[in-house]
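Novice: Sharing a model that was predicted from the sequence below.
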Amino acid sequence: MKTALITGATSGIGEATAKLLAKNDYNLIITGRRNERLQELEKKIKQNDIEILSLNFDVRSIVEVKKHLGSLPEKWQNIDVLINNAGLAAGTSTIDKGEIDDWDRMIDTNVKGLLYVSKVIMPLMIKRKKGHIINIASIAGKEVYLNGNVYCATKHAVDALSKAMRIDLLPHNIKVTNIAPGMIDTEFSVVRYKGDQQKADEVYKNMEPLLAIDIAEVILFAIQRPAHVTLNDIVIMPTAQANTSHLKRG
Ligand code: NDP
Ligand code: 8X3
């Protein structure tokens with residue numbers, strides 16, 4: 001049986017991916033800050049005949065990342081797939097009106113958190129001379145849109161880090177897949193609008209967004225390819241969204 005580590009498994013893409021991978025016989029390390037959610041998810045997916053390790057920590061803290069992932073029990077060190085999914089957008093405003101706290105949260109989570117987790121897991125893959133890293137980037141890492149500024153910058157960084165990992169980890173037989181989705185109806189917009197459900201609902205009004213399961217299925221497809229095949233970069237959009245500024249509503 002293979003083992004996958006998913007960061008940010010307490011909602012959205014991460015949760016859907018945990019459920020799908022559990023059904024497909026992956027042992028799972030699931031992580032996130034909301035411990036109750038993690039425990040609930042563990043209970044649900046335990047019905048599949050798999051092993052689960054739930055780790056409750058904040059990817060922004062290198063101390064916590066090292067504490068939880070740096071000394072994994074021997075049997076959990078054979079990580080075949082790392083899914084760097086934990087991330088967020090905070091706030092929408094032009095860059096001159098952006099809040100420093102929001103910038104810090106996005107940069108610390110989307111860029112530094114991804115790096116911290118990867119830093120601890122890459123040596124385990126290098127040791128085994130195999131592994132697959134999936135980085136959840138965004139269409140915001142391919143384009144820049146009004147009020148997207150710092151979020152777009154963090155996702156451009158993820159895109160660049162996927163390319164860099166692919167080059168640097170080539171000698172070690174490690175696959176790197178960058179996934180760049182458009183709009184997905186998860187908790188993403190509620191977080192971006194800081195709990196304002198009405199504003200979040202407006203984002204998806206009169207259009208059909210992607211669902212978390214759509215991304216989970218793409219992840220499963222990517223990790224099921226034969227050893228000699230890697231999907232490098234996947235852009236996945238709702239049919240109703242051409243790019244970050246052209247949407248079909250109604
Ligand atoms: P959700 O808000 O539903 O899920 C985000 C997940 O990230 C949660 O499980 C959350 O867990 C976790 N997370 C956030 N901050 C931290 C942190 N500091 N430490 C640990 N875990 C953290 O959104 P999505 O599922 O949509 O987002 C997943 C990824 O997909 C993100 O990287 C996002 O940028 C990207 N994305 C989303 C799109 C969308 O339209 N929804 C489109 C393109 C990309 P907890 O709060 O429990 O810590
Ligand atoms: C989320 C997609 O278009 O809201 O990464 O930036 S978008």
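Specialist: On my side now, so go ahead. Just so we're clear, the structure is a prediction, and the values are computed from it rather than from any experiment. Ligands and ions are numbered 1, 2, ... in the order given.
Novice: wait, doesn't residue 159 sit right on residue 142?
Specialist: Yes. With contact defined as Cβ atoms under 8 Å, residue 159 counts as touching residue 142 (6.9 Å). Any C-beta I mention is one placed from the backbone N, CA and C, and that applies to glycine too.
Novice: So which bits of the longest helix seen in the chain are buried?
Specialist: Determined from DSSP state H, the single longest helix within the chain is helix 149-168. Neighbour counts using 16 or more other Cβ atoms under 10 Å place 149-159, 161-162, 165-166 of helix 149-168 among the buried residues.
Novice: who's in contact with that helix?
Specialist: The set of residues external to helix 149-168 that reach it, using Cβ atoms under 8 Å, 6 or more residues apart in numbering, is 84, 87, 89-90, 94-95, 98, 102-103, 106-107, 110-111, 114-115, 118, 133, 135-138, 140-145, 174, 176-178, 180, 192, 232-233.
Novice: Looking at the buried residues of helix 149-168, spot the one nearest residue 214.
Specialist: residue 155 (18.2 Å; Cβ to Cβ).
Novice: The nearest residue to that closest one once chain neighbours are set aside and ligand 2: what is the separation?
Specialist: Distances taken as Cβ to Cβ, 6 or more residues apart in numbering place residue 141 nearest to residue 155, at 3.3 Å, with adjacent residues excluded. In this view, residue 141 and ligand 2 are 8 Å apart by Cβ to the nearest ligand atom, to the nearest Å.
Novice: does residue 141 really touch residue 180, like I thought?
Specialist: Yes. Counting by Cβ under 8 Å, residue 141 touches residue 180, with 5.7 Å between them.
Novice: Please say which of the two ends up with more neighbours.
Specialist: residue 141 (27 against 22; other Cβ atoms under 10 Å).
Novice: need the contact list for the most centrally placed residue in the chain.
Specialist: Nearest to the geometric centre of the chain sits residue 85, at 1.2 Å (Cα atoms, centre = their mean). Going by Cβ under 8 Å, 6+ apart, residue 85 touches 6, 7, 8, 9, 13, 14, 17, 134, 136.
Novice: quick one: the helix or strand where the fifth one lies near ligand 2?
Specialist: Assigned by DSSP states H and E, residue 13 belongs to helix 12-23. No. Figure legend: helix 12-23 not in contact with ligand 2 (Cβ under 6 Å from any ligand atom); closest approach 10.5 Å.
Novice: pLDDT on that helix, on average?
Specialist: Here helix 12-23 scores 98 as its mean pLDDT.
Novice: after that helix, next one along is what?
Specialist: Defined by DSSP H and E, the subsequent element after helix 12-23 is strand 26-32.
Novice: Tell me what angle that following strand forms with helix 12-23.
Specialist: 160 degrees (axes from the mean of the first three to the mean of the last three Cα atoms, to 10 degrees).
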